[in-house]
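**Student:** Everything below, folded, please.
(one chain, ligands or ions: 2)
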Amino acid sequence: MGDGECLNGARLNGGAADGVKTPFLIGVAGGTASGKSTVCKRIMEQLGQADMDHTQRQVVTISQDSFYRELSDSEKARAERGLFNFDHPSAFNEDLMLQTLQDILHGKKVEISEYDYRRNAVCPEKKITIYPADVVLFEGILVFYFPAIRDLFHMKLFVDTDSDTRLARRVPRDINERGRDLDQVLNAYMNFVKPAFEEFCSPTKKFADVVIPRGADNTVAIDLIVQHIREFLNNRTRSDHSPHLATCGTSALNLANGRAQATTHSISPSMISSQLYAVLYEYS
Ligand SMILES: Nc1ncnc2c1ncn2[C@@H]1O[C@H](COP(=O)(O)OP(=O)(O)O)[C@@H](O)[C@H]1O
Ligand SMILES: Nc1ccn([C@@H]2O[C@H](COP(=O)(O)O)[C@@H](O)[C@H]2O)c(=O)n1
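**Tutor:** Ligands and ions are numbered 1, 2, ... in the order given. Predicted coordinates:
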């Protein structure tokens, strides 16, 4: 494998031959209401990206919910009665998700539709433009389920929050923000959300590089992840100014692959990696 090349073939360094900079792609999985969006928000805030203009951001977050597939008329009718399983992998448009992430990895600008939970449909009229960024967080319940998509991530995080806490958070959120009533939320949870979590989401925890117990409450884990992203961004900036340092881009790769290699850093990625594992598991 050549300098700066990752396992999935995408180049991660700052000086790819075609001038395309591959973003560092981070997958963030976890059960419903585990705090995936909140963890991503904290990471963005700590990196000073949250209030930045969309066209200028170095770090962006994308939700897997934007890739729910269009429903047939009979599926729509079932969804309105709370009888459609939105937690099953077949509810997603896997091809569109894969194509979009591949475009992002090739440094392309992409358009993503906002998702409307009240209508159970994406809003084609509400497009969000995702400009090329250095780091892309992709969060959702099943982001590690599809092997072709899972293989694209340079780093995989799993937000691990206990199921009672998740249900306690999901009930008010779905009533206040997603237009559901209590019966609908509880029925959907018992019939679809809980069984699908156990069958499809929870087993993907084993693919994670880093498990984050307690989600956004785990400030130590978030600080370490932010520190790692900062290192990646600093290396990339340095390699822009000194192309001979382009292999620095492998720092992120080393952590993602769990391999320790000598780099040009004073704090090596393997040190950060072992700190991460020690802290996350010691206190979980
Ligand atoms: N650490 C936390 N403490 C209290 N409430 C939280 C915490 N993390 C998330 N929440 C709340 O729980 C709900 C679900 O969180 P969210 O981040 O949207 O989860 P997910 O993206 O995994 O579905 C939201 O209303 C959010 O404000
Ligand atoms: N029309 C829809 C689509 C999805 N859901 C639920 O959303 C959950 C995933 O989003 P999180 O932010 O909780 O990760 C998933 O569990 C679906 O049940 C929905 O209610 N309606």
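**Student:** Work out for me the element residue 119 sits within.
**Tutor:** Applying DSSP states H and E as the criterion places residue 119 outside every helix and strand.
**Student:** Near it, how many other residues are there?
**Tutor:** Counted with other Cβ atoms under 10 Å, the neighbours of residue 119 add up to 12. Just so you know, the C-beta spots here come from the backbone N, C-alpha and C atoms, and that holds for glycine as well.
**Student:** where does the residue in the stretch 151-284 of the chain that ligand 2 sits nearest to land on pLDDT?
**Tutor:** For the stretch 151-284 of the chain, the nearest residue to ligand 2 under the criterion Cβ to the nearest ligand atom is residue 193, separated by 4.9 Å. What the model reports as pLDDT for residue 193 is 98.
**Student:** Go ahead and confirm it touches residue 91.
**Tutor:** No. In terms of Cβ atoms under 8 Å, residue 193 does not count as a neighbour of residue 91; the distance is 11.8 Å.
**Student:** Between those two, point out the one with more neighbours.
**Tutor:** Here residue 193 and residue 91 are compared on neighbour count by other Cβ under 10 Å; more neighbours surround residue 193, at 25 against 20.
**Student:** Next, that one: secondary structure please.
**Tutor:** In three-state terms, and counting by DSSP: H, G, I helix; E, B strand; the rest coil, residue 193 is helix.
**Student:** And ligand 2, is the longest strand seen in the chain touching that?
**Tutor:** Of all segments of type strand in the chain, defined using DSSP state E, the longest is strand 121-130. No. Taking Cβ under 6 Å from any ligand atom as the criterion, strand 121-130 and ligand 2 are apart, separated by no less than 7.6 Å.
**Student:** And the strands in the stretch 101-250 of the chain?
**Tutor:** Here the stretch 101-250 of the chain has its strands, by DSSP state E, counting those that start in this stretch, at 110-116, 121-130, 135-139, 155-160, 210-213.
**Student:** could the ones you listed go into CSV alongside mean pLDDT?
**Tutor:** Shown next, in CSV, are the strands of the stretch 101-250 of the chain (pLDDT from 0 to 100):
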stretch, mean pLDDT
strand 110-116, 96
strand 121-130, 91
strand 135-139, 97
strand 155-160, 98
strand 210-213, 98
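**Student:** Buried residues, stretch 20-34. List them.
**Tutor:** Residues of stretch 20-34 classed as buried: 21-34 (neighbour count, 16 or more other Cβ atoms under 10 Å).
**Student:** and this structure, which residues reach ligand 2?
**Tutor:** So the chain meets ligand 2 at 32, 33, 36, 65, 68, 86, 87, 117, 120, 141, 178, 193 (Cβ under 6 Å from any ligand atom).
**Student:** from these, which two are the most distant?
**Tutor:** Between any two of the residues of the chain next to ligand 2, the greatest separation by Cβ to Cβ is 20.1 Å, found for 36 and 120.
**Student:** Those two - which one has more neighbours?
**Tutor:** The neighbour comparison of residue 36 against residue 120 (other Cβ under 10 Å) goes to residue 36, with 28 against 18.
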